[in-house]
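In: Provide a 3D model corresponding to the input given below.
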Amino acid sequence: MRKIIDIHVHTFPEKIASHAIKTLQEKSGTVAFTDGTITALEASMSKSGVNHSVLLPVATKASQVTSINNYAIKLNLENAQSRRIISFGAMHPEFENFHDELERISKSGIVGIKLHPVYQGVDIDDERFVKILGCAGEFGLITMIHAGWDVGFPGAGQALPEKILRALKNSGNFRVILAHMGGWKIWREACELFRNTQVYIDTAFSLGRMVPGDNRWNDQDLNLLSKDEFVRIIRDYGSERVIFGTDSPWSDQAQTIHEIESIPELSQIEKANIFFNNAAKLLRIA
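Out: Numbers count the residues shown, from 1 in each chain. Below you'll find the predicted structure:
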């Protein structure tokens, strides 16, 4: 049986999950496939055969950073044996004592952080993000960056590929995963910019079609990457730099696995790299 790591999932605390999912569905006009709780994620993992899922918490305010990271540390300790659920930490560009906080979470065993320039309302090439990226690299933390447009914020350009590349060059940190195949809805441009760098990309919310939650979307807007385009991008980067991610609960883990498994043009070696080998190397999972 194939081993699978989902590098890109989200959950919310039980007490706010229902409200958070409702708000984000209304904001994005899309459908959630779970109720957003860890319990629902674990059920999805069991159903789909995912061995490990990586939580990517987003701090939308600087004041949330410490508490989010404390929760991540606690969760990782609870899952230390199986590492079935692994949580990254959070950072915000307005968090002043970022150096000490990144050092603290690194020493705690957290292996990475998530930055979401769109949700955080700051361009990724802003000096504050550049300093955070450099510091994350100093402490050996993986940095997952939301890349490209965002389904819930039409026209928000804080994470455009050229800005990300500028930030990486200025920080000197390329130990980075770019979410959504390098740049959501700007895939070819992102590929041209990043394919000769060392960055990884993940597959989250990039293959097939979105499932609409309301009538704001026209038929063409629902299209994501076709299977041919998906394969072409993987070949341009090399399968050693592509990591499986779903963006659960915004995509269904089982369906996303099926869609990739059913692409005959991808070899078994390429699929093994994408589904497990690349993430296992970064996360130090045997």
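In: residue 7 contacts residue 276, correct?
Out: No: using CB atoms under 8 Å, residue 7 makes no contact with residue 276, being 10.4 Å away. C-beta coordinates here come from the backbone N, C-alpha and C atoms, glycine included.
In: need the overlap of contacts for these two.
Out: Residues touching both residue 7 and residue 276 (CB atoms under 8 Å, 6 or more residues apart in numbering): residue 244.
In: more neighbours: those two, which one.
Out: Under the neighbour definition other CB atoms under 10 Å, residue 7 and residue 276 were set side by side, and residue 7 has more, 27 against 19.
In: and the helix or strand hosting that one, what other elements does it pack with?
Out: Using DSSP states H and E, residue 7 maps to strand 5-9. For strand 5-9, the elements it packs on are strand 52-55, helix 278-283, judged by 3 or more CB pairs under 8 Å, 6 or more residues apart in numbering; DSSP states H and E.
In: please state the offset of the very next helix or strand once past that strand from the chain centre?
Out: Downstream of strand 5-9, the first helix or strand assigned by DSSP H and E is helix 14-28. How far helix 14-28 lies from its chain's middle: 18 Å, per CA atoms, centre = their mean, to the nearest Å.
In: same question for stretch 49-62.
Out: The answer for stretch 49-62 is 8 Å, by CA atoms, centre = their mean.
In: show me what counts as buried in it.
Out: Within stretch 49-62, the residues scored as buried using 16 or more other CB atoms under 10 Å are 50, 51, 52, 53, 54, 55, 56, 57, 58, 59, 62.
In: can you show me the CA trace of that stretch as CSV?
Out: The C-alpha coordinates for stretch 49-62 follow below in CSV (Å, rounded to 0.1, in the frame of the first residue of the first chain):
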residue,chain,number,x,y,z
GLY,A,49,-5.3,6.2,3.3
VAL,A,50,-3.3,9.3,4.3
ASN,A,51,-0.6,8.4,6.8
HIS,A,52,0.5,11.9,7.9
SER,A,53,-1.1,15.3,7.6
VAL,A,54,0.6,18.6,8.2
LEU,A,55,-1.4,21.4,9.7
LEU,A,56,-0.7,24.9,8.5
PRO,A,57,-2.0,27.5,11.0
VAL,A,58,-2.3,31.0,9.8
ALA,A,59,-2.0,34.0,12.2
THR,A,60,-4.2,36.8,10.9
LYS,A,61,-3.1,39.0,13.8
ALA,A,62,0.3,39.3,15.5
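In: which residues touch the helix or strand of the chain with the lowest mean pLDDT?
Out: Among the helices and strands of the chain, helix 14-28 carries the lowest confidence by mean pLDDT, DSSP states H and E, at a mean of 95. Under the criterion CB under 8 Å, 6+ apart, residues 11-12, 31-32, 35-37, 39, 151-152, 213, 249-250 lie in contact with helix 14-28.
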